[in-house]
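Undergrad: Predicted model and sequence below, questions to follow.
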Amino acid sequence: MTSSDHSKSNDPTSSRGKEKVWEREDYRGEDLLHKSKQVEPLSNKEAAFVDGISETDHQRSHAALIIVVVPGNIPCTRNNSPAAVFLRPVVLHFPSRIPSSCSFLLLLLCAAAAAEPCSIARCGKNKVPIRFPFRQQGKQPENCGYRGFDLRCGSQDTIYLDLPYSGEFYVRDINHLDQQISLYDPGDCLPKRLLGLNLPGSPFVPVFIQNYTFLNCPTQVTTSRFNAIDCLTNSTNSVLATSSARLANRIASSSCRIITVLSIPVPWQAKDDEEFTAALDADIQLTWNAPRCGDCKEQGVICGLKSNSSEEIFCFHTPSKDIS
């Protein structure tokens with residue numbers, strides 16, 4: 001092997017060097033890279049960063065230099081130091097000292113991409129906190145929430161959610177551990193809203209779903225026998241709802257008629273043989289499949305977006321502040 005070949009083989013910026021993590025016999029921090037004997041090839045941007053180290057820096061260096069290759073935005077701790085567990089390290093060996101410009105550049109990268117959990121918002125004295133994946137529209141930046149999880153404050157400190165094809169619902173409660181939200185109707189006639197409920201286009205799905213038959217009957221027929229839906233009932237006609245197909249058919253065989261059969265969200269599932277009519281005035285219970293923040297909640301830490309330009313979820317171990 002010629003001296004030029006030997007020099008080329010030890011050049012960390014050669015094409016061979018860009019395909020593998022460099023040898024690290026002289027590096028004493030092997031624990032950081034104990035699983036990183038070989039990694040995927042560097043991207044063009046990453047390779048350019050390695051190539052950008054000047055020849056002068058090569059001549060002045062005498063210790064191993066750790067370059068943190070960043071696949072996108074890097075998470076940083078609250079004091080702007082890199083969160084090493086998420087970083088992709090590449091170790092270079094030089095015969096003299098580490099170039100100070102590289103350390104400065106790493107700090108600049110970290111400061112620019114630092115991500116912290118958003119503050120918790122509230123609607124006046126409402127006890128329901130607005131936190132990721134939800135955000136208070138108009139008060140918190142878009143990166144504080146996930147797509148489709150915008151909430152707004154209404155009168156009397158109420159919180160409401162606007163479902164794309166179903167309109168506005170007030171928020172009673174949000175359970176972040178179980179990933180459930182409880183909704184009720186601002187107009188106090190939830191059964192009427194259920195007749196037109198359309199969840200596609202939103203990130204939410206029912207916790208439970210059940211078929212209900214809606215019937216229209218003369219009021220004098222139903223008053224003493226069944227529970228009518230008050231807000232849909234007048235002096236001449238009553239609207240009933242039942243999950244029992246057998247009961248619905250029996251009622252319809254008299255002077256009642258079936259309006260429709262719908263699959264609607266319910267807080268719990270009734271048995272098919274339970275022959276009763278329901279008021280359907282309990283809150284709507286919805287859940288969401290993405291993003292998954294249950295793991296963060298179980299750890300007692302804050303869930304949020306890893307960076308402003310990503311939809312990747314990150315667990316922050318720093319407390320969130322309240323904003324009013």
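TA: Arrived safely, thanks for sending.
Undergrad: rest of the way, CA atoms for contacts and neighbours
TA: OK.
Undergrad: ok, and for stretch 117-133, which residues are buried?
TA: 117-123, 128-133 (16 or more other CA atoms under 10 Å).
Undergrad: Quick check: of the residues you listed, which lies closest to Asn216?
TA: Of all the buried residues of stretch 117-133, Asn216 sits closest to Val128, with 37.9 Å by CA to CA.
Undergrad: Would you mind confirming that that closest one is in contact with Asp173?
TA: Yes - the pair Val128 / Asp173 is scored as a contact, 6.2 Å apart, by CA atoms under 8 Å.
Undergrad: on that earlier part again, and the buried residues of stretch 117-133, which two are the farthest apart?
TA: Greatest spatial distance among the buried residues of stretch 117-133 (CA to CA): Pro117 and Cys123, at 19.1 Å.
Undergrad: ok, which stretches of the stretch 151-300 of the chain are helices?
TA: For the stretch 151-300 of the chain, the helices defined by DSSP state H, counting those that start in this stretch cover 190-195, 219-222, 245-252, 294-299.
Undergrad: Run through the residues that contact Thr318.
TA: By CA atoms under 8 Å, 6 or more residues apart in numbering, the residues touching Thr318 are 78, 116-117, 301-302.
Undergrad: what's the pLDDT at it?
TA: Note on Thr318: pLDDT of 72.
Undergrad: what separates it from Ile302, distance-wise?
TA: According to CA to CA, to the nearest Å, Thr318 stands 7 Å off from Ile302.
Undergrad: Overlap of the contact sets of these two?
TA: Listed as contacting both Thr318 and Ile302 by CA under 8 Å, 6+ apart are Pro117.
Undergrad: re the thing from before, now, among the contacts of Thr318, which is nearest to Ala279?
TA: Ile302 (38.5 Å).
Undergrad: residue contacts, the closest residue to that closest one other than its chain neighbours?
TA: In space, and not counting its chain neighbours, Ile302 is closest to Phe316: 5.0 Å by CA to CA, 6 or more residues apart in numbering. Taking CA under 8 Å, 6+ apart, we find Phe316 in contact with 116-117, 301-304.
Undergrad: what's the closest of those to Leu151?
TA: Of all the contacts of Phe316, Gly304 has the smallest distance to Leu151: 16.3 Å, by CA to CA.
Undergrad: Work out for me the element that closest one sits within.
TA: strand 302-305 (DSSP states H and E).
Undergrad: That strand - contacts with which helices or strands?
TA: helix 294-299, strand 313-316 (3 or more CA pairs under 8 Å, 6 or more residues apart in numbering; DSSP states H and E).
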